[in-house]
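Engineer: test case, fold it:
(one chain, ligands or ions: 2)
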Amino acid sequence: MNDAFPSLEQLHAIGALQQPTYSDPVALAAAVEKLRNQPPLVFAGECDQLKSSIAAAGRGEAFILQGGDCAETFAEATADNTRNKLRVLLQMAVVLTYAASVPVVKIGRLAGQYAKPRSSDTETRGDVTLPAYRGDAVNGYEFTPEARIPDPQRLLDVYHASASTLNLVRAFTTGGYADLRQVHTWNSEFVRNSPVGAKYEAMGSEIERAIAFMEAIGADLDEFHGVDFYSSHEALLLEYEHAMTRIDSRTETPYNVSGHFVWIGERTRQLDGAHVEYFRHLNNPIGCKLGPTATPDDALALAAKLNPKNEEGRLTFITRFGAGKVRDGLPGLVEKITAEGVNVTWISDPMHGNTFSTSNGYKTRRFEDVLDEVQGFFDVHHALGTVPGGILVENTGDDVTEIIGGGEELDEAGLVHRYESVVDPRLNRVQSLEMAFQVAEMLRS
Ligand code: PEP
Ligand code: MN
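Structural biologist: Ligands and ions are numbered 1, 2, ... in the order given. Next up, the predicted model:
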């Protein structure tokens, strides 16, 4: 195997899937060149820290909570949105930490989640067929021929939107907003008035009492001031990801400096594909999605190629089988990987195997299916004596109506009210919090 970091041309020569067809190669090359000169968004040392936390989760000493939008959009990269996303993840994390007494590794699907793989290259509405929307990194969501043309300038827009989101996240997580003593202020009016919000308030008061006790005995409360929060996205567009990959001066190895954790999607994980070739060179902690078509041998071959030194924390398998398939499909993969002594952190994506379209034309998921897949994931690992290391969810800090079921008993007709996702349906704030309480129960048992 050639171990030099491949050029963009070499990666394209392999034939990368899910890439846009740009019509202006000169504009594309200019955008890539500009990107190559942009400062890093994250530091290699931070990626290393996350890698050791993911390793801890793989050993059962921590639990990973990864969450955020299916697809971020430039229009939604506002201060309010970022704060709302952050606080729902902080709420979920504190529920998991407190109820299950386990440290939670917090990773946002944000500051870079702008490119989407699509199952079809085109989208048809009525008698009009246009190129599919591939995320704001590529083209516009508006259903017009002009908007759907891939525009290389958008790659630079991704960089700038990600930089401003991450800057705000860093300010929030180190500047006091994420201080555990703020546990009550993360709860919004809306959530507070729901049953799960009340449960959260009660837990928040217990935490406050515990903190007051520690203060009284003279413990150092500065520990509670900030949190480690990491960014992640699917590294899909080779132009962007390659330009944002730099050789780290300490280790002389390539790091993707556009996010701490990057993953390979279900549609681009071919063993001989361009994405696997690109990812195997990165020194970041990386993920790879595995769906129901993945065989135990596929998983083993991917692990051998993506983590040849069998380093702990480097490779996370993100399984997304669907509630109906996880109990039958997952054990084979876990057994094989475990029997071969391969180090992998397992996390459950209970979203992507559970998507369906309603009769009124919405892409949705059932809250009950989402929870059932996580339960299946825990059951399989408990039965095999292996470690359920975390969850990856698509959620938002807003009160959207995109996923049916849950305590609010949202039904299909209710989807019309606030369906705002441009790609996949997300858990709203209440559903996110409900999920955290339920997963905390699973972690405890
Ligand atoms: C996603 O995470 O939004 C996604 C497209 O997932 P998958 O690759 O598992 O289909
Ligand atoms: Mn998605």
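Engineer: who in the stretch 51-200 of the chain is up against ligand 1?
Structural biologist: 70, 117 (Cβ under 6 Å from any ligand atom). Just so you know, the C-beta spots here come from the backbone N, C-alpha and C atoms, and that holds for glycine as well.
Engineer: state the phi and psi torsions of Q66.
Structural biologist: phi -120, psi 130 (degrees, to the nearest 10).
Engineer: give the contact list for it.
Structural biologist: Contact partners of Q66, counting by Cβ atoms under 8 Å, 6 or more residues apart in numbering, are 107-109, 232, 261, 347, 390-393.
Engineer: among the residues you listed, name the ones in strands.
Structural biologist: 107-109, 232, 261, 347, 390-393 (DSSP state E).
Engineer: closest one of the contacts of Q66 to ligand 2?
Structural biologist: R109 (8.9 Å; Cβ to the ion).
Engineer: quickly list what the residue nearest to the closest one when sequence neighbours are not counted is bridged to.
Structural biologist: Leaving aside its sequence neighbours, R109 sits nearest to G68 (Cβ to Cβ, 6 or more residues apart in numbering; 3.1 Å). Listed beta-bridge partners, G68: R109, E394 (assigned using DSSP bridges).
Engineer: surely R418 touches L410?
Structural biologist: No - R418 lies out of contact with L410 (Cβ atoms under 8 Å); the separation is 10.1 Å.
Engineer: between those two, who's got more neighbours?
Structural biologist: Just comparing R418 and L410: by other Cβ atoms under 10 Å the higher neighbour count belongs to L410, 21 against 13.
Engineer: look up phi and psi at the more buried one.
Structural biologist: L410 has phi and psi values of phi -60, psi 130 when expressed as degrees, to the nearest 10.
Engineer: how near is the residue lying closest to it once chain neighbours are set aside to ligand 2?
Structural biologist: Nearest residue to L410, sequence neighbours excluded (Cβ to Cβ, 6+ apart): I404, at 5.2 Å. Applying Cβ to the ion, to the nearest Å, the value for I404 to ligand 2 is 17 Å.
Engineer: okay, I404: pLDDT?
Structural biologist: Here the pLDDT value assigned to I404 is 96.
Engineer: check E408 too.
Structural biologist: Predicted confidence (pLDDT) for E408: 86.
Engineer: and it, what does it touch?
Structural biologist: Neighbours of E408 in contact, by Cβ under 8 Å, 6+ apart: 194, 430-431.
Engineer: what's the lowest-pLDDT member of these?
Structural biologist: Ranked by pLDDT, the contacts of E408 bottom out at S194, which has 86.
Engineer: closest residue of the stretch 201-350 of the chain to ligand 1?
Structural biologist: G265 (3.1 Å; Cβ to the nearest ligand atom).
Engineer: make sure that residue is actually in contact with P117.
Structural biologist: Yes - counting by Cβ under 8 Å, G265 touches P117, with 5.1 Å between them.
Engineer: what is in contact with these two at once?
Structural biologist: Between them, G265 and P117 share the contacting residues 18, 234, 236, judged by Cβ under 8 Å, 6+ apart.
Engineer: gap between the closest residue to the second one other than its chain neighbours and ligand 2?
Structural biologist: This means E234. Using Cβ to Cβ, 6+ apart and skipping residues adjacent in sequence, the residue nearest E234 is G265, 5.0 Å away. Here G265 is placed at a distance of 9 Å from ligand 2 (Cβ to the ion).
Engineer: one more: D48?
Structural biologist: 28 Å.
Engineer: name the SS class of the residue nearest to that residue when sequence neighbours are not counted, please.
Structural biologist: Counting by Cβ to Cβ, 6+ apart, D48 lies nearest to N283, which is 8.0 Å off, once chain neighbours are set aside. Per DSSP: H, G, I helix; E, B strand; the rest coil, the local secondary structure of N283 is coil.
Engineer: wait, what's in contact with N283?
Structural biologist: Residues counted as contacts of N283 (Cβ under 8 Å, 6+ apart) are 44, 47-48, 248, 251, 253-255.
Engineer: tell me which two of the residues you listed sit farthest apart.
Structural biologist: D48 and P254 (13.5 Å; Cβ to Cβ).
Engineer: more neighbours, G265 and P117?
Structural biologist: G265 (22 against 17).
Engineer: what's the pLDDT at the more buried one?
Structural biologist: The model reports G265 with a pLDDT of 98.
Engineer: quick one: contacts for it?
Structural biologist: Per Cβ under 8 Å, 6+ apart, neighbours of G265: 18, 117, 234, 236, 289.
Engineer: tell me which element the last one falls in.
Structural biologist: Element membership of K289 [criterion: DSSP states H and E] is strand 286-290.
Engineer: show me what whichever helix or strand comes after that strand is in contact with.
Structural biologist: If you walk from strand 286-290 toward the C-terminus, the next helix or strand you reach (DSSP H and E) is helix 296-306. When contacts are defined by Cβ under 8 Å, 6+ apart, helix 296-306 is touched by residues 269, 271, 276, 279-280, 286, 288, 290, 314-315, 317, 332-333, 335-337, 340, 342, 344.
Engineer: please pick the buried ones from these.
Structural biologist: Those of the contacts of helix 296-306 that meet the buried threshold are 269, 276, 279-280, 286, 288, 290, 314-315, 317, 333, 336-337, 342, 344, by 16 or more other Cβ atoms under 10 Å.
Engineer: extract the CA atoms of stretch 82-100 and return them as CSV.
Structural biologist: In CSV, the C-alpha atoms belonging to stretch 82-100 read as follows (Å, rounded to 0.1, in the frame of the first residue of the first chain):
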residue,chain,number,x,y,z
THR,A,82,-26.2,27.7,17.4
ARG,A,83,-27.1,28.5,21.0
ASN,A,84,-30.3,26.4,20.9
LYS,A,85,-28.4,23.4,19.4
LEU,A,86,-25.7,23.7,21.9
ARG,A,87,-28.0,23.9,24.9
VAL,A,88,-30.1,20.9,23.9
LEU,A,89,-26.9,18.9,23.6
LEU,A,90,-25.7,20.2,27.0
GLN,A,91,-29.1,19.2,28.5
MET,A,92,-28.9,15.7,27.0
ALA,A,93,-25.3,15.4,28.2
VAL,A,94,-26.1,16.4,31.7
VAL,A,95,-29.0,13.9,31.9
LEU,A,96,-26.8,11.1,30.7
THR,A,97,-24.0,12.1,33.0
TYR,A,98,-26.1,12.5,36.1
ALA,A,99,-28.5,9.6,35.6
ALA,A,100,-25.9,7.2,34.5
